[in-house]
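[1] Got a sequence here, can you build the structure:
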Amino acid sequence: MNLWDPNGYLRFIDERTRPSIDLVSRIAIESPSSVIDLGCGPGNSTRVLQQRWPSARVIGLDSSAQMINAAIEEYPDREWIHSAIEDWLPTAAFHVVFSNAALQWLAEPRRLSWRLQLLRGWSHEQHIKAVSS
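    Purely as a prediction, here's the structure:
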């Protein structure tokens, strides 16, 4: 069970959101139609993504029910998925797969690898080449 306190997290909203703003500004994709925010927390990073690409379908995903509930409360018009990143089974491709500060917490990061391959349509050989570059 993953217990996060959205109120404690949001106490430092500016400090927690700034890295997302910086990362998103470096993404060189102009008009993605779909974006997923892995480890979205209470939705602050998902909001940054939606502001950058207002016409995109932006979805936030987090393993913490408390964080997802806070995101739903703050941004009820957005899409949210309550799931651990490692357990997430994408049902569609995404043009941008974003994560600010969640991947380092994965117990089994290799479980995410094949999902990303599916999202991008990469073969195993292409994935190895990309990681090795």
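[2] how near is N44 to S20?
    When CB to CB, to the nearest Å is the yardstick, N44 and S20 sit 7 Å from each other. C-beta coordinates here come from the backbone N, C-alpha and C atoms, glycine included.
[3] for S33, that is, sorry about that
    20 Å.
[4] quick one, which of the two is more surrounded?
    Counted by other CB atoms under 10 Å, S33 and S20 do not tie: S20 has more neighbours, with 23 against 12.
[5] how many neighbours does the residue nearest to the more buried one when sequence neighbours are not counted have?
    Nearest residue to S20, sequence neighbours excluded (CB to CB, 6 or more residues apart in numbering): S45, at 4.0 Å. Other residues lying near S45 total 27 when counted by other CB under 10 Å.
[6] quick one: S45 and D37 touch, right?
    Yes - S45 lies in contact with D37 (CB atoms under 8 Å); the separation is 5.5 Å.
[7] Can you pull up the most central residue in this protein?
    D37 (1.8 Å; CA atoms, centre = their mean).
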